[in-house]
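Novice: sequence first, then the predicted structure:
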Amino acid sequence: MALKRTNVYADDEDLDLIKEAAKRLGVSEAELIREGIHRIALARRVWDEPFVTDEETFDLGGPITRDDARDAMDGAFGSGESRGREHAA
């Protein structure tokens with residue numbers, strides 16, 4: 001991938017965080033900034049076509065309730081008492 005030079009303005013606090021992270025991870029500050037730019041570019045990308053078309057969707061059987069989720073968790077991990085179930089809202 002060819003790199004192109006550009007200038008950006010950033011808060012001192014953000015630059016300090018980048019400097020600390022780069023040192024901790026053993027990479028350059030520029031590498032972290034490039035990674036951040038790439039992540040934002042991907043997150044804001046607009047696709048020409050939908051990821052899933054109407055023909056590709058399917059019915060999962062209706063809305064999933066809180067009790068459905070608890071039953072699934074109990075089935076997978078056992079009783080909810082050890083997970084603090086009595087405190088669930």
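Specialist: Okay, I see it. Residues are numbered from 1 along each chain as shown.
Novice: run through the residues that contact Leu3.
Specialist: By CB atoms under 8 Å, 6 or more residues apart in numbering, Leu3 lies in contact with Arg34. For the C-beta atoms, the positions are set from N, CA and C on the backbone; glycine is no exception.
Novice: Three-state assignment for it, please.
Specialist: coil (DSSP: H, G, I helix; E, B strand; the rest coil).
Novice: what's the spacing between it and Ala30?
Specialist: Per CB to CB, to the nearest Å, Leu3 is found 9 Å from Ala30.
Novice: next: Ala22.
Specialist: For Ala22, the distance to Ala30 equals 9 Å [CB to CB].
Novice: so between those two, which is more surrounded?
Specialist: Using other CB atoms under 10 Å as the criterion, Ala22 and Ala30 rank with Ala22 on top: 16 against 11.
Novice: what secondary structure does Phe58 sit in?
Specialist: coil.
Novice: residues near it, how many?
Specialist: Neighbours of Phe58 (other CB under 10 Å): 7.
Novice: next: Ile18.
Specialist: Neighbour count for Ile18, taken as other CB under 10 Å: 18.
Novice: over to Arg34?
Specialist: Burial measure for Arg34: 13 neighbouring residues, criterion other CB under 10 Å.
Novice: ranges for the helices of this protein?
Specialist: 12-25, 29-43, 66-77 (DSSP state H).
Novice: with distance to Phe58 and mean pLDDT added, can I get those in TSV?
Specialist: Below are those laid out as TSV (distance: least, CB to CB, whole Å; pLDDT from 0 to 100):
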stretch	distance to Phe58	mean pLDDT
helix 12-25	42	97
helix 29-43	27	95
helix 66-77	18	88
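Novice: JSON lines for those helices, including distance to Pro50?
Specialist: Listed next are these as JSON lines, based on distance: least, CB to CB, whole Å:
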{"stretch": "helix 12-25", "distance to Pro50": "35"}
{"stretch": "helix 29-43", "distance to Pro50": "17"}
{"stretch": "helix 66-77", "distance to Pro50": "28"}
